[in-house]
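In: generate coordinates for the sequence data below:
(2 chains)
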Amino acid sequence: MNILDLLSIPILNISSSGWETITIAQRAADALSGNSIELTIFFLILCILITVSMLAGLGMVLIYAERKIAGHFQCRLGPMRVGWHGTLQAFADVLKLLLKEDLVPARADKLLHLGAPFLSILATVLGLAIIPMSPSIQVIDVNIGVVYVTAITGLGVLGALIAGWSSNNKWSLLGAMRAGAQLISYELSATLGILVIVLFAGSLQLSEIIQSQAEGWWIWRAHIVGIIAFFIFLIASTAELNRTPFDLPEGESELTGGFHTEYSGLRFAFFFLSEFVNMFVASALVVTLFFGGWMPFHIGNWEAFNSIMDLIPPAIWFAGKSAFFIFLLMWFRWTFPRMRIDQLMRLEWKILLPIGFANIFLASLVILTKFHF
Amino acid sequence: MWNEAAGTFVFYLIAFFSIFTALTVVYTRRILRAAIALACVLVCSAGFYVMLDFEFLAGVQVMVYVGGIVVLMLFAIMLTSSAELIVDRPSFQRRFVGVLISIGFFFVTTTAFWATDFPVAESTKDTLFTKVSIEGEKAEPLDDVVELGKKLLDYGPEGYVLPFEIISLLLLSVMIGGIIIARKPPQLENKE
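Out: The predicted model follows:
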């Protein structure tokens, strides 16, 4: 196989006729069964490149965005010195983190202390891999999509717990316990929110959930039930991301830095990066489940408007929608005060969970009576 | 050719890692490392399920065992021991008994595997009244979650709704029991 054949592979065959999802892993598998090992390796490298570049690129962009948005929310300018309007600030931050000394506490469990950041970042990478960014930009599309998402959240909990425990520091341990308790509790509500959409879409697969929204997004078609599920999922995923108003695991005024107090340099950067990229993964999931993923915005039978909307590529739709939810999460962070631990637990177990259960019951009634658009 | 080669390679990779981590669970003297190694073993078995084309079971395996049970173990360990704690080597007697029991268990399981005949299910077709198996045609594994869910809630002769409901009742009673044990004892009212 020469290089020209490689170039002629339809990597970006986006056609407006059929929104057929072809994942990159699927292409690799096809190439493998077609006995062309070169093509398989090419697609596998492409898989790795997409996830790694997403991880690094998103990390930088989100850190810059966070600092800029924080600045403007507090009536300052944010980073302005490095590059035009501080655009190179993220590079400077990364460089600083990479050059810092990597400290391991003398009495820590070294192996686990070194391994925990990798577990955290692994959960993030696995999350990135499943996000359907456009019909042709998705690394894997397992048919148990939603179960997969819930399973990898469990892996993320392990990373935080191990990091806190192996540091052999009471602040870290307290932070880890809080992170663990919070993640496990809010995972329930998040799952209840997702389950409503699974009921409506009739599939666990993320690409099929998007396909089911061709007629209209679930936030609109599932009306009241969908909106309640959306709010539950948004609140629960903000809590799972450990972001304000739920950032107790870090709580710098109480715990210095939470479970990553004892981390520095590259390993701290890993936790930081996974936290920021998880924000993207959560926003992407909100978009996929409730806002039609990469589907364009259509209004009823406004043919002209709809066809103009179709001209915008799906990847841009997806990026725009996710960017909005990332902005919303940052907005939360710079406007809400932090909750106390008892308020946090009360919100989950006494408010969100009963509403979630009632909502899923209501959703099944709505589906049985076909009382949705 | 490449397809089988890749499959075999991945299988042995998972198998060796699985055995290595399983031994770590037993041999490590730091209790938290044992728990993490156990999580690795469970993830490896999820990997085997994926190789057998049954992704749903793999997902549930990771969700329930790694995300639930191992995290629960970690919590228990974190509340009771410190990172510096190293468990003492077990005494000779305990090791001797342990070796005996594990050899016995190995013997029992391998004999069970040798003695059992694992027939490949034959694919069925629906006739008017019953399902009839087709001679010499292997059944395709069913990994459709929708079918699985229907089977689970089906109250016909082939459904599993009764065990499903019994399990959920059992879990409910266990949860209520847990809450009753964990709650504070009712405050005695002040007697005048």
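
In: isn't there a helix covering residue A:301?
Out: No. Going by DSSP: H, G, I helix; E, B strand; the rest coil, the assignment for residue A:301 is coil, not a helix.

In: okay, it: pLDDT?
Out: We have a pLDDT of 76 for residue A:301.

In: again with residue B:47
Out: At residue B:47, pLDDT is 90.

In: do I have it right that it meets residue B:14?
Out: Yes. If you go by CB atoms under 8 Å, residue B:47 and residue B:14 touch, sitting 4.5 Å apart. Bear in mind the C-beta positions are built from the backbone N, C-alpha and C, glycine included.

In: how many neighbouring residues does residue B:163 have?
Out: For residue B:163, the neighbour count with other CB atoms under 10 Å in any protein chain shown is 10.

In: look up how far residue B:152 lies from it.
Out: 9 Å (CB to CB, to the nearest Å).

In: and if you look at residue A:172?
Out: Counting by CB to CB, the gap from residue A:172 to residue B:152 is 42 Å.

In: who has more neighbours, those two?
Out: residue A:172 (28 against 12).

In: which residue is the nearest non-sequential neighbour of the more buried one?
Out: residue A:164 (4.4 Å; CB to CB, 6 or more residues apart in numbering or on different chains).

In: got the contact list for the one you found?
Out: A:172, A:173, A:174, A:175, A:176, A:177, A:179, A:258, A:259, B:78 (CB atoms under 8 Å, 6 or more residues apart in numbering or on different chains).

In: give me that answer again for 6 Å
Out: Shown in contact with residue A:164 (CB atoms under 6 Å, 6 or more residues apart in numbering or on different chains): A:172, A:173, A:175, A:176, A:259.

In: the fourth one reaches residue A:259, doesn't it?
Out: What that stands for is residue A:176. Yes. The pair formed by residue A:176 and residue A:259 meets the contact definition of CB atoms under 6 Å, at 4.1 Å.

In: find residues that contact each of these two.
Out: Joint contacts of residue A:176 and residue A:259 (CB under 6 Å, 6+ apart) are A:160, A:164.

In: in chain B, which residue sits nearest chain A?
Out: Proximity of chain B to chain A (CB to the nearest CB) peaks at residue B:67, 2.0 Å away.

In: burial measure for that residue, as a count.
Out: Residue B:67, neighbours per other CB under 10 Å, totals 24.

In: read off the pLDDT value for it.
Out: pLDDT recorded at residue B:67 is 82.

In: swap in residue B:166?
Out: Confidence score, pLDDT, at residue B:166: 92.

In: for whichever strand or helix holds it, which helices and strands make contact with it?
Out: Take DSSP states H and E as the rule and residue B:166 turns out to sit in helix B:161-182. With contacts defined as 3 or more CB pairs under 6 Å, 6 or more residues apart in numbering or on different chains; DSSP states H and E, helix B:161-182 has no helix or strand neighbours.

In: what sits closest to the residue nearest the centre of chain B if chain neighbours are left out?
Out: In chain B, the residue lying closest to the centroid (CA atoms, centre = their mean) is residue B:61, at 6.2 Å. Distance criterion CB to CB, 6+ apart; nearest residue to residue B:61, sequence neighbours excluded, is residue B:46 at 4.3 Å.

In: which helix or which strand is home to the one you found?
Out: Per DSSP H and E: helix B:31-51 holds residue B:46.

In: check residue A:371 too.
Out: Of the helices and strands defined by DSSP H and E, none includes residue A:371.

In: and it, how many neighbours?
Out: Neighbours of residue A:371 under the rule other CB under 10 Å: 12.

In: please name the nearest non-neighbouring residue to it.
Out: Spatially, and ignoring its direct neighbours in sequence, residue A:371 is nearest to residue A:365 (7.8 Å; CB to CB, 6+ apart).

In: buried ones in the host helix or strand of the one you found?
Out: Per DSSP H and E, residue A:365 falls inside helix A:353-368. Neighbour-count burial for helix A:353-368 flags A:353, A:355, A:356, A:359, A:360, A:363, A:366, A:367 (criterion: 16 or more other CB atoms under 10 Å in any protein chain shown).

In: how close does the second one get to residue A:348?
Out: Right, residue A:355. 11 Å.

In: again with the fifth one
Out: From residue A:360 across to residue A:348, the span is 16 Å (CB to CB).

In: show me the shaky parts of chain B.
Out: By pLDDT under 70, the low-scoring segments of chain B are B:1-2, B:82-85, B:121-143, B:188-192.

In: can you give me the strands for it?
Out: Secondary structure of chain B by DSSP state E: the strands cover B:122-126, B:131-138.

In: do the same with chain A
Out: Under DSSP E, chain A gives no strands.

In: quick check: residues of chain B near chain A?
Out: B:2-3, B:55-56, B:59, B:62-63, B:66-67, B:71, B:74, B:78, B:83-84, B:145 (CB under 6 Å from any CB of the partner chain).

In: which among those count as buried?
Out: In these, burial by neighbour count holds for B:55, B:56, B:59, B:62, B:63, B:66, B:67, B:71, B:74, B:78, B:83, B:145, counting by 16+ other CB under 10 Å.

In: quick check: the farthest pair among the residues you listed?
Out: B:83 and B:145 (40.9 Å; CB to CB).

In: low-confidence bits of the stretch 101-250 of chain A, can you list those?
Out: In the stretch 101-250 of chain A there are no weaker segments when pLDDT under 70 is taken as the threshold.

In: and the residue of it closest to chain B?
Out: Of all residues in the stretch 101-250 of chain A, the one sitting closest to chain B is residue A:154 (2.0 Å; CB to the nearest CB).

In: so that residue touches residue B:64, yeah?
Out: No. Residue A:154 is not in contact with residue B:64 according to CB under 6 Å; the separation is 8.8 Å.

In: out of these two, which sits in the more crowded spot?
Out: Neighbour count, other CB under 10 Å: between residue A:154 and residue B:64, residue A:154 has more, with 23 against 14.

In: I'd like to know how far the more buried one sits from residue A:100.
Out: For residue A:154 relative to residue A:100 (CB to CB), the value is 30 Å.
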